[in-house]
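S.K.: Based on what follows, work out the 3D shape:
(2 chains)
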Protein chains: 2
Amino acid sequence: MTKAKKIPIFLLRVIALGATVSATIVMATSHDSAQVLNMTFQAKYTNSPTFKYFVVVNAIASAYSLIVLFLPSKNFLWRFMLVLDLIMTLMLVSSISAALGVAQVGKKGNSHAGWLPICGQVPKFCDRVTGALIAGFVAAIIYFLLLLYSLYSSQCH
Amino acid sequence: MTKAKKIPIFLLRVIALGATVSATIVMATSHDSAQVLNMTFQAKYTNSPTFKYFVVVNAIASAYSLIVLFLPSKNFLWRFMLVLDLIMTLMLVSSISAALGVAQVGKKGNSHAGWLPICGQVPKFCDRVTGALIAGFVAAIIYFLLLLYSLYSSQCH
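M.R.: Below you'll find the predicted structure:
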């Protein structure tokens, strides 16, 4: 790989690191409270196993994105790294999709199941979850681009 | 690719086709009804945008899995097929994760958000959704194995 090609890859990985770290922090620190029928309702990510999964996956992806910055881009581990990139992309897509599915219920509710939307009560929480989802989505897109680049740049027969 | 290697790949693709078709049909035909407070509550996949997304993705994956069976396994399109396999895997993982996130709320509810579990009222619906999720999961695992195989079998530098 020439140096001219290495720089954009390195930059993409730095952006991916920033996006996964942002997603983790924004989701982990999201909280809001509301008074409903004289009861205080605390909204935080630990209320939902799906949001916990999102934080764990993004924390793992942050650690991986950081470590990979210090590895040489074309070494004997490259095939192993390609598989790790693939697994990381799948985990990110999985965590974002799951969180988005639950966030959609939080935003719109589900009248059939009798689930009321909660974003009216805890708008700050919903805004932060939205922010975390966007950051996670950016990370997933970048990992997908890195995968496409790896697949196309390798000279395969 | 030798013929000895082609057969297991073909078999995996046939199983993937069976799994995606099963996931689509089982989810699309899942329904149950319950009487709650003198009101009939109909549970079906169209009640949830996430379950609709699951059906659409699995239908697309079924069509793709079918078409790909009739393509030669090592042709000039192989790199394009590898990218399509990747996209299909990501879509399957996304749809399963989203549906699983919402199904978890259906099964356990969320006391913090005041969402009651619904599986006690509509057990048949929940059983079928579980079945569809398992079939979708099998399809995603097979696509992941096909991807790993493609990455390892191609002689890349």
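S.K.: backbone phi and psi for the residue positioned nearest the centre of chain A, please?
M.R.: Geometric centre of chain A, nearest residue: residue A:136, 2.7 Å, by C-alpha atoms, centre = their mean. Dihedral pair for residue A:136: phi -60, psi -40, per degrees, to the nearest 10.
S.K.: all strands in chain A, in order from the N-terminus.
M.R.: A:31-36, A:39-44 (DSSP state E).
S.K.: which one of the ones you listed lies closest to chain B?
M.R.: Proximity of those to chain B was assessed by C-beta to the nearest C-beta; the nearest stretch is strand A:39-44, lying at 7.1 Å. Heads up, the C-betas are built off the backbone N, CA and C, glycines and all.
S.K.: okay, which residue of chain A is out on the far edge from center?
M.R.: residue A:38 (35.4 Å).
S.K.: how close does that residue sit to chain B?
M.R.: Residue A:38 sits 14 Å away from chain B, going by C-beta to the nearest C-beta, to the nearest Å.
S.K.: Next, that residue: phi, psi?
M.R.: Dihedral angles for residue A:38 - degrees, to the nearest 10 - are phi 60, psi 10.
S.K.: what pLDDT does it get?
M.R.: Residue A:38 is assigned a predicted lDDT (pLDDT) of 70.
S.K.: roughly how far out does stretch A:94-108 sit from the chain middle?
M.R.: For stretch A:94-108, the separation from the chain centroid amounts to 12 Å (computed by C-alpha atoms, centre = their mean, to the nearest Å).
S.K.: Name the residues of it that are buried.
M.R.: A:94-106 (16 or more other C-beta atoms under 10 Å in any protein chain shown).
S.K.: now the strands of chain A in JSON lines, with mean neighbour count?
M.R.: Listed next are the strands of chain A as JSON lines, based on neighbours: other C-beta atoms under 10 Å in any protein chain shown:
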{"stretch": "strand A:31-36", "mean neighbour count": "14"}
{"stretch": "strand A:39-44", "mean neighbour count": "14"}
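S.K.: Tabulate those strands (a markdown table), appending distance to residue B:85.
M.R.: Formatted as a markdown table, the strands of chain A follow (distance: least, C-beta to C-beta, whole Å):
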| stretch | distance to residue B:85 |
| --- | --- |
| strand A:31-36 | 41 |
| strand A:39-44 | 39 |
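S.K.: Nearest approach to residue A:55 belongs to which of the ones you listed?
M.R.: With C-beta to C-beta, the closest approach to residue A:55 among the strands of chain A belongs to strand A:39-44: 10.8 Å.
S.K.: what's in contact with the closest one?
M.R.: Contact with strand A:39-44 is made by A:30-35, A:118, A:121-122, A:125, B:112-113, as judged by C-beta atoms under 8 Å, 6 or more residues apart in numbering or on different chains.
S.K.: and that strand, which strands flank it?
M.R.: Strand pairing for strand A:39-44, determined by DSSP bridges: strand A:31-36 (antiparallel).
S.K.: Restricting to C-alpha, output the strand it pairs with in CSV.
M.R.: Output of strand A:31-36 as CSV, limited to C-alpha atoms (Å, rounded to 0.1, in the frame of the first residue of the first chain):
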residue,chain,number,x,y,z
HIS,A,31,-30.6,11.0,31.4
ASP,A,32,-33.7,13.0,32.1
SER,A,33,-36.4,12.9,34.6
ALA,A,34,-40.1,13.7,34.6
GLN,A,35,-42.9,14.0,37.1
VAL,A,36,-45.8,11.7,36.1
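S.K.: So what touches that strand?
M.R.: Residues contacting strand A:31-36 (C-beta under 8 Å, 6+ apart): A:40-45, A:121-126.
S.K.: now do 6 Å
M.R.: Strand A:31-36 has contacts (C-beta atoms under 6 Å, 6 or more residues apart in numbering or on different chains) with A:40-44, A:121-122, A:124-125.
S.K.: before we move on, back to that, find the pair from the contacts of strand A:39-44 with maximum spatial separation.
M.R.: A:30 and A:35 (18.8 Å).
S.K.: Reformat the contacts of strand A:31-36 as a markdown table; add distance to residue B:6.
M.R.: Converted to a markdown table, the contacts of strand A:31-36 look like this (distance: C-beta to C-beta, whole Å):
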| residue | distance to residue B:6 |
| --- | --- |
| A:40 | 63 |
| A:41 | 58 |
| A:42 | 57 |
| A:43 | 53 |
| A:44 | 52 |
| A:121 | 58 |
| A:122 | 55 |
| A:124 | 56 |
| A:125 | 53 |
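S.K.: Can you read off the pLDDT for residue A:42?
M.R.: Model confidence at residue A:42, given as pLDDT, is 81.
S.K.: That one pairs with what?
M.R.: When assigned by DSSP bridges, residue A:42 has beta-bridge partners residue A:33.
S.K.: All good on my end, thank you.
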